[in-house]
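Chemist: Please find the sequence and the predicted model below.
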Amino acid sequence: MPDIANAENQHWRDAVTAALDWWRDAGVDHAFVDAPQDWLAEARKPKDAAQPAPMKPLRELVAERDDSPKVAKVGAKTDWPQTLEAFVPWWLAEPALAPAGLMRLPPVGAQGADLMILAPMPSADDGDALLSGRAGRLLDAMLAAFGLDRSSTYLASAVPAHVPMADWQLLKESGLGDVLLHHIALAAPKRLLILGASGISALLGNDPPNLAQSLRAINQEGPPIPALPAWDLEAMLQRPALKAGFWSRWLDWTGTETI
């Protein structure tokens, strides 16, 4: 091959073609330069347009939509049952208390019980009675340790049906928090054990919900009802260490091993 490039020279053209084919087979099919490029120059240019407004929370965006579902509101408080006997059938029938199609379970027990046990909602594996599944068996063992049984307690839930992934703020807006306080007033227990305090705290308007962990009494018409907030039964089943902490708080609350 001659030292001087000559496009008319057949050997020179063959050499160039061979070189290009070699690089193409190696995966190099573009021309490259070594000159540095300032890729951020465009980003550093001042923007004349105003910065976009921050995105609104999803809840606000949904509320602004004309086709967003409306929250069903519980009727006026003056129309609520004024006795515990009348409350139970209303609890099972009032449309705004739970989504349609879900099985509702009534509270169990008598008015004025020594202890009212309040769960957020029935468990997913409950049968035809409130807390009759796996969580209910843990509750029965706890009551035996307290020196109690279900016959001496009033067992209730803040929501009449098991609602998967419940939106507690939405339930509060429907009026369930006020219904819960009304229910407690009708049951008139001497003490109140709240299992699953965070969701129930949201119903009662506490912000943040974990303030329920420091809740000591429910103030209704009449004397305040002493209250003990605790983890829900499902959490205690998953983390047995929580039961020991709850037992210590129970002894401090009652002053003895039995109520």
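Modeler: Happy to help now that I have it.
Chemist: The residue nearest to residue 164 when sequence neighbours are not counted - how many residues pack around it?
Modeler: Once flanking residues are discounted, residue 164 sits nearest to residue 124: 7.7 Å by C-beta to C-beta, 6 or more residues apart in numbering. In short, each C-beta sits where N, CA and C put it, glycine included. Using other C-beta atoms under 10 Å, residue 124 has 11 neighbouring residues.
Chemist: pretty sure residue 124 is touching residue 162, no?
Modeler: Yes: judged on C-beta atoms under 8 Å, residue 124 makes contact with residue 162 at a distance of 5.2 Å.
Chemist: follow-up on the earlier one: contact partners for the residue nearest to residue 164?
Modeler: Applying C-beta atoms under 8 Å, 6 or more residues apart in numbering to residue 124 gives the contacts 133, 162, 164.
Chemist: Could you rerun that using 10 Å?
Modeler: With contact set as C-beta atoms under 10 Å, 6 or more residues apart in numbering, residue 124 has these partners: 133, 134, 135, 162, 164, 234.
Chemist: tell me which of those is nearest to residue 54?
Modeler: residue 164 (31.4 Å; C-beta to C-beta).
Chemist: where's that closest one relative to residue 200, distance?
Modeler: Per C-beta to C-beta, to the nearest Å, residue 164 is found 17 Å from residue 200.
Chemist: Please identify which of those two sits among more neighbours.
Modeler: A count of neighbours by other C-beta under 10 Å puts residue 200 above the other of residue 164 and residue 200, at 27 against 8.
Chemist: nearest residue to the more buried one other than its sequence neighbours?
Modeler: Nearest non-adjacent residue to residue 200, counting by C-beta to C-beta, 6+ apart: residue 158, 5.1 Å away.
Chemist: any idea how far that neighbour is from residue 173?
Modeler: For residue 158, the distance to residue 173 equals 14 Å [C-beta to C-beta].
Chemist: More neighbours: which of these two?
Modeler: Using other C-beta under 10 Å, the more surrounded residue of residue 158 and residue 173 is residue 158, with 24 against 13.
Chemist: Residue ranges in the stretch 101-250 of the chain under the pLDDT threshold?
Modeler: The model of the stretch 101-250 of the chain has pLDDT under 70 over residues 205-222.
Chemist: Tell me where it has strands.
Modeler: Assigned by DSSP state E, counting those that start in this stretch, the stretch 101-250 of the chain shows strands spanning 115-119, 153-157, 191-195, 217-218, 225-230.
Chemist: quick one: the helices in the chain?
Modeler: Along the chain, the stretches classed as helices by DSSP state H are 10-25, 41-44, 58-64, 84-93, 134-146, 168-173, 176-187, 197-203, 233-238, 241-254.
Chemist: Include distance to residue 224 when you put the ones you listed into a markdown table, please.
Modeler: Converted to a markdown table, these look like this (distance: least, C-beta to C-beta, whole Å):
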| stretch | distance to residue 224 |
| --- | --- |
| helix 10-25 | 86 |
| helix 41-44 | 61 |
| helix 58-64 | 33 |
| helix 84-93 | 20 |
| helix 134-146 | 22 |
| helix 168-173 | 22 |
| helix 176-187 | 11 |
| helix 197-203 | 17 |
| helix 233-238 | 25 |
| helix 241-254 | 14 |
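Chemist: winner for burial among the ones you listed?
Modeler: The highest mean neighbour count among these, using mean count of other C-beta atoms under 10 Å, belongs to helix 197-203: a mean of 23.
Chemist: for it, packing partners?
Modeler: Judged by 3 or more C-beta pairs under 10 Å, 6 or more residues apart in numbering; DSSP states H and E, the packing partners of helix 197-203 are strand 115-119, helix 168-173, helix 176-187, strand 225-230.
Chemist: Would you mind giving those as a markdown table with distance to residue 54 added?
Modeler: Converted to a markdown table, the helices and strands packed on helix 197-203 look like this (distance: least, C-beta to C-beta, whole Å):
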| stretch | distance to residue 54 |
| --- | --- |
| strand 115-119 | 39 |
| helix 168-173 | 21 |
| helix 176-187 | 30 |
| strand 225-230 | 35 |
